[in-house]
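Peer 1: got a predicted structure here, sequence first:
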Amino acid sequence: MTLRPTTPTLLPMAGQTHGNRSAVTCHLRCGDACSVTAPNTTQTSYFRDVAAKALSRRSVVGTGVAVAALTAVPMAPAAAKPGPGGRAARGGASRNLPFSPIAPAAVTVDDVTVPAGYRWDPILRWGDPILPGAPAFDAARQSPEAQAGQFGYNNDYLDIIETNRAGTRALLVCNHEYTNEGIMFPPGTAAETVIRTAWAAHGMSVVELERRSRGDVWTYVPGARLNRRITLDTPFAVDGPAAGSDLLKTTEDPTGRTVRGTMNNCSGGTTPWGTVLSGEENFNQYFLATGTDPREKRYGLGAQDSRGWRTYDPRWNATTADYKNEPNRFGWVVEVDPTDPTSTPVKHTAMGRFKHEGANVIVNRDGHVVAYMGDDERFDYLYRFVSRDTMRPGNSAKARKHNLQLLSEGDLSVARFTGDGLDDGVSDGTGEWIPLTRGGESMVPGFSLEEVLVFTRLAADAVQPTKMDRPEDVEPSRHNGNIYVACTNNADRGKLGKEGPTEPNPRAANKDGHVVEIVPTAGDHTRDTFSWSLLLICGDAASAGTYFGGWTGPVSPISCPDNVAFDSEGNLWVSTDGQPNAIKVSDGLFKVPVEGPERGHVQQFLAVPSGAETCGPVIHDRDGSVFVAVQHPGEDGTWAAPQSRFPDFVPAGATAAAGQFSGPRPTVVQVTRR
């Protein structure tokens, strides 16, 4: 039996994308989510309340005029002003990474485009051997055993954690979100080899790096002591209130406390105690399910079975009594200790189950750890977790053991935004965190504590939070204490039968996305109230409805914000996923000051190669370095006709050298000043 690549014309999203967005990406990463009805079909009165309040402030009279006013939402540029955190203004010019913004790159450019005076270098590529005994990469002879010791596929969340004072040693930690078998394997490869190798290409990698001195380019250390691969066969411990629940038990794991593997790991976060959090996102597409259970449907589970994994492992068949709960064992935030390759990774049930883009934490002034999380789905929600216990400072074994339990118990809540009207020319207002769990008890009538945590989406539906436009990465700033939420897009907003524009999601058929800035009341992340505004309403500056934090000068066009990060000066950096579809240029990385006279001044720093997405930005500006994970280059090609040759650039017809490939390889890239 051989596995054949999916015929492009049969892809559910074929003909439904725009520009140069690949239907293959939609199929493989998120299971063609946009080709079906968004899982959140709940009807609430909240939109009517927001609309009534906003329109009353504008004194709009007449139903037809009112609908038009909310749909268009003209955003008049406001004068530049300090950030809403109230701190003193700081300039947006970067002392450590000065650059002139690049022009947008055409989607045909198969290279990383960087500013004048900078260079890029690959650090790790798909298939590079990292564990002792792993063979050199040979794309024509991949095997599950080889891939289990090599860097995985489609790198996403990324961090570079220095481990010595000289800055010459570090740990690279990276997620591997999904696989594209059509360009990974030569035609005729046995289906079992393809599938089992794909299982080994999922998960995470931990890899030691070294360099001669600060400012140099990192190189990875094959076979180093701390190197680790986490795959779909790695045991994970389940902790928190739902551990051992009947909702998590299967024939393979009758205790409900040990899960084999992690998958579709998207973004993440690094904790103050040195561990890495990873979000399990589009897990639904891997299972065969009944398609009739309302709880399954709310998570996008159905009878698609596009991967065929159940052929070689029955746990992917959730229509059986033995494995009906297997999907419930994915969709969690997982925590990995990169400094201990023998440690067991953990799935934290206290943080809820949904399509986690990632999780990022900040230590509140009272010592409680607060994690912010987005559910990356059209019309889904923004969440917050507050730890029960407080963090212990220091690196002692006792403090570390305590801090490793901080995400195991705590309170989970979901956000409701209220607009204050549009007469001030910007989308802003107040909000509240609605409790789902508190003090170890369910706060949702009709839901047990275990049900709230395993079926978090349904519990949230019951308390009527605000439906957002794909809230993805959510990052607290250590400089001003505010939280920044990347809402990537939502082309369904305002369609027949779907919720229309609201002040926090102000555009119908939102193809460009926006960035929300949240200010905790009195700077306290444990308070249940906040204020908010839209920092960016993305797109080409010439298009209607765009807004750039009050900045009125030229900006780089930006669309589909996905991941966010900060530099040492407090500037926000935004990576994108979907610009080829929305504004027909390659995806990239952008710097955006959030305070001072240049607040909202969007400047493009780099662009990724043909077909690729920009993931996992890491900004080490004091070191003169920027890192990105270049994901799915050449996604729409085939083995015989690759659409990218990044990063090895082996010419067509030439023989690849040992360890190289004449097709595309997802790669972690470092950009440095020349």
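Peer 2: Yes, it's here.
Peer 1: got any ranges where the chain has weak pLDDT?
Peer 2: The model of the chain has pLDDT under 70 over residues 1-21, 26-27, 29-35, 44-93.
Peer 1: for it, which segments are assigned as helices?
Peer 2: If DSSP state H is used as the criterion, the helices of the chain fall at 23-30, 46-58, 63-72, 144-147, 181-184, 191-201, 294-298, 397-403, 449-454, 456-462, 579-582.
Peer 1: what residues of the fifth one count as buried?
Peer 2: Of the residues in helix 181-184, those with enough neighbours to count as buried (16 or more other Cβ atoms under 10 Å) are Glu181, Gly182, Ile183, Met184. Every residue, glycine included, has its C-beta placed from N, CA and C.
Peer 1: mind putting the residues you listed into TSV with distance to Phe548?
Peer 2: TSV is the format used below for these (distance: Cβ to Cβ, whole Å):
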residue	distance to Phe548
Glu181	40
Gly182	39
Ile183	37
Met184	39
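Peer 1: quick check: phi and psi at Arg493.
Peer 2: Dihedral angles of Arg493 (phi, psi; degrees, to the nearest 10) stand at phi -60, psi 130.
Peer 1: pull the contacting residues for it.
Peer 2: By Cβ atoms under 8 Å, 6 or more residues apart in numbering, Arg493 lies in contact with Arg378, Phe379, Asp469, Glu499, Gly500, Pro501, Asn505, Arg507, Ala508, Ala509, Asn510.
Peer 1: cutoff 10 Å now
Peer 2: Arg493 sits next to 38, 71, 378-379, 467-469, 499-502, 505-511 when contact means Cβ atoms under 10 Å, 6 or more residues apart in numbering.
Peer 1: what does Leu124 give?
Peer 2: So Leu124 contacts 130, 150-152, 155, 158, 172, 174, 205, 207, 209, 218-220, 629, 665-670 (Cβ under 10 Å, 6+ apart).
Peer 1: residue boundaries of the strands in the stretch 101-250 of the chain?
Peer 2: 118-125, 155-162, 169-176, 203-210, 219-220, 228-230, 235-239 (DSSP state E, counting those that start in this stretch).
Peer 1: report the inter-axis angle for the fourth one versus strand 155-162.
Peer 2: Spelled out, that is strand 203-210. 30 degrees (axes from the mean of the first three to the mean of the last three Cα atoms, to 10 degrees).
Peer 1: so Arg229 bridges to which residues?
Peer 2: Arg229 has the following beta-bridge partners by DSSP bridges: Ser205.
Peer 1: distance check, it against Ile434.
Peer 2: In this view, Arg229 and Ile434 are 39 Å apart by Cβ to Cβ, to the nearest Å.
Peer 1: swap in Pro393?
Peer 2: Taking Cβ to Cβ, one finds Pro393 at 32 Å from Ile434.
Peer 1: looking at these two, which is more packed in?
Peer 2: Using other Cβ atoms under 10 Å, the more surrounded residue of Pro393 and Ile434 is Ile434, with 20 against 12.
Peer 1: residues near the closest residue to that one other than its chain neighbours, how many?
Peer 2: Leaving aside its chain neighbours, Ile434 sits nearest to Val463 (4.8 Å; criterion: Cβ to Cβ, 6 or more residues apart in numbering). Val463 has 18 neighbours, counted by other Cβ under 10 Å.
Peer 1: contacts only, for Val463.
Peer 2: Val463 neighbours (Cβ under 10 Å, 6+ apart): Thr44, Tyr381, Ser413, Val414, Arg416, Ile434, Pro435, Leu436, Met443, Val444, Pro445, Phe447.
Peer 1: quick one: which of these is most hemmed in?
Peer 2: Taking other Cβ under 10 Å as the neighbour criterion, Val414 ranks highest of the contacts of Val463 with 28 neighbours.
Peer 1: so it makes contact with Leu458?
Peer 2: No. Val414 lies out of contact with Leu458 (Cβ atoms under 10 Å); the separation is 11.7 Å.
Peer 1: common neighbours of these two, please.
Peer 2: With Cβ under 10 Å, 6+ apart, Val414 and Leu458 have common neighbours Val444.
Peer 1: before we move on, the earlier item: PyMOL command to pick out the buried ones of the contacts of Arg493?
Peer 2: In PyMOL, this line selects whichever of those come out buried by 16+ other Cβ under 10 Å:
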select buried, resi 38+71+378+379+467+468+469+499+501+502+505+506+507+508+510+511
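Peer 1: next, the buried residues of stretch 187-203.
Peer 2: Buried residues in stretch 187-203, defined by neighbour count with 16+ other Cβ under 10 Å: 189, 191, 193-203.
Peer 1: closest to Tyr118 among these?
Peer 2: Nearest to Tyr118 among the buried residues of stretch 187-203 is Ala201, at 30.6 Å by Cβ to Cβ.
Peer 1: for Ile195, see how far away that closest one is.
Peer 2: Taking Cβ to Cβ as the measure, Ala201 and Ile195 are separated by 11 Å.
Peer 1: what sits in contact with each of those two?
Peer 2: The contact sets of Ala201 and Ile195 overlap at Pro144, Thr179, Glu181 (Cβ under 10 Å, 6+ apart).
Peer 1: tell me which of those is nearest to Glu335?
Peer 2: Using Cβ to Cβ, Thr179 comes nearest to Glu335 of those, at 23.7 Å.
Peer 1: name the nearest residue to that closest one, ignoring sequence neighbours.
Peer 2: Spatial nearest neighbour of Thr179, excluding adjacent residues (Cβ to Cβ, 6+ apart): Ala198 at 4.3 Å.
Peer 1: the one you found against Gly182, yeah?
Peer 2: No. Assessed by Cβ under 10 Å, Ala198 is found out of contact with Gly182, at 11.4 Å.
Peer 1: related to what we said a few turns ago, ok, the residue nearest to Thr179 - contacts?
Peer 2: Residues in contact with Ala198 (Cβ under 10 Å, 6+ apart) are 3, 142, 144, 147, 152-153, 178-181, 184-185, 232, 263, 307, 309.
Peer 1: roughly how far apart are it and Thr231?
Peer 2: Going from Ala198 to Thr231 by Cβ to Cβ gives 10 Å.
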